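Peer 1: could you look at this predicted model? Sequence included:
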Amino acid sequence: MSITELTADQRDGLQEIANVAVGQTADKVARSFTAFVQMPIPRVLLIDAVDLRMAFSAVDDGQSITAVTQPFFGEGVHGEALLLVSDASADELARLMGYPPSDNDGVQLERILEMSSLLTATCIQSVLEQLEIDVLISHPVLLGRHAQIGQILGEQDTPWIRTLALELNYRFEGFGVQCDLILLFHQSALPTLLRKLDLLLE
């Protein structure tokens, strides 16, 4: 089954699911770090792999970043989540998480992986639970470090022709931290994902 576009109802449904996931994720992060989360407005995109970089237009401002990937699997649905953290945010991220600042690259990466485990896993869980899909979430893995997003993506082989992307840009009040989260669903997952969505919308 080839998915060439989303219906208006499907797009609205995915937007609402993403909104709920944003709220649940923001609540968990706020309780974990006692920080107010400025909840983003999710973007729902159905894009070709060759246009993947365009999906990151809101986060590609030329800054050096660290990118972490976290694959997920469940009932015919699989994909991966990308968490992008500006390298300039390292000290502020530590302050947000209650840690002292560190110039140690390994320590900084551990904190980003910890944030990914909380932020990313909570969001994935919420999206798929709403669709009544049981999900297994892998541990976060470093995708790229101290580079621009275009450089990091340019080094990756994309395992799909078309993908559904949910883009969420998180900010934290009082902290100079930029965390951009993108959920990418493999093209083979789209028929199952949209069938579940259609059942939910009935």
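Peer 2: Now that the structure is in, tell me what you want to look at. Residues are numbered from 1 along each chain as shown.
Peer 1: any idea what the nearest residue to V135 once chain neighbours are set aside is bridged to?
Peer 2: What sits nearest to V135 in space, not counting adjacent residues and going by Cβ to Cβ, 6 or more residues apart in numbering, is G74, at 3.7 Å. C-beta coordinates here come from the backbone N, C-alpha and C atoms, glycine included. Per DSSP bridges, the residues bridged to G74 are V77.
Peer 1: right, and G74 touches L128 too?
Peer 2: Yes: contact criterion Cβ atoms under 8 Å: G74 and L128 qualify, at 6.0 Å.
Peer 1: between the two, who's got more neighbours?
Peer 2: Each of G74 and L128 has its neighbours counted (other Cβ atoms under 10 Å); L128 has more, 23 against 17.
Peer 1: and the more buried one, that's in a strand?
Peer 2: No: read with DSSP: H, G, I helix; E, B strand; the rest coil, L128 is helix and lies in no strand.
Peer 1: and it, how close does it get to Y99?
Peer 2: Distance, L128 to Y99, using Cβ to Cβ, to the nearest Å: 30 Å.
Peer 1: what of E5?
Peer 2: 45 Å.
Peer 1: let me see the ranges of the strands in the chain.
Peer 2: Ranges of strands within the chain are 37-38, 43-48, 65-74, 77-86, 136-137, 141-147, 162-172, 175-185, based on DSSP state E.
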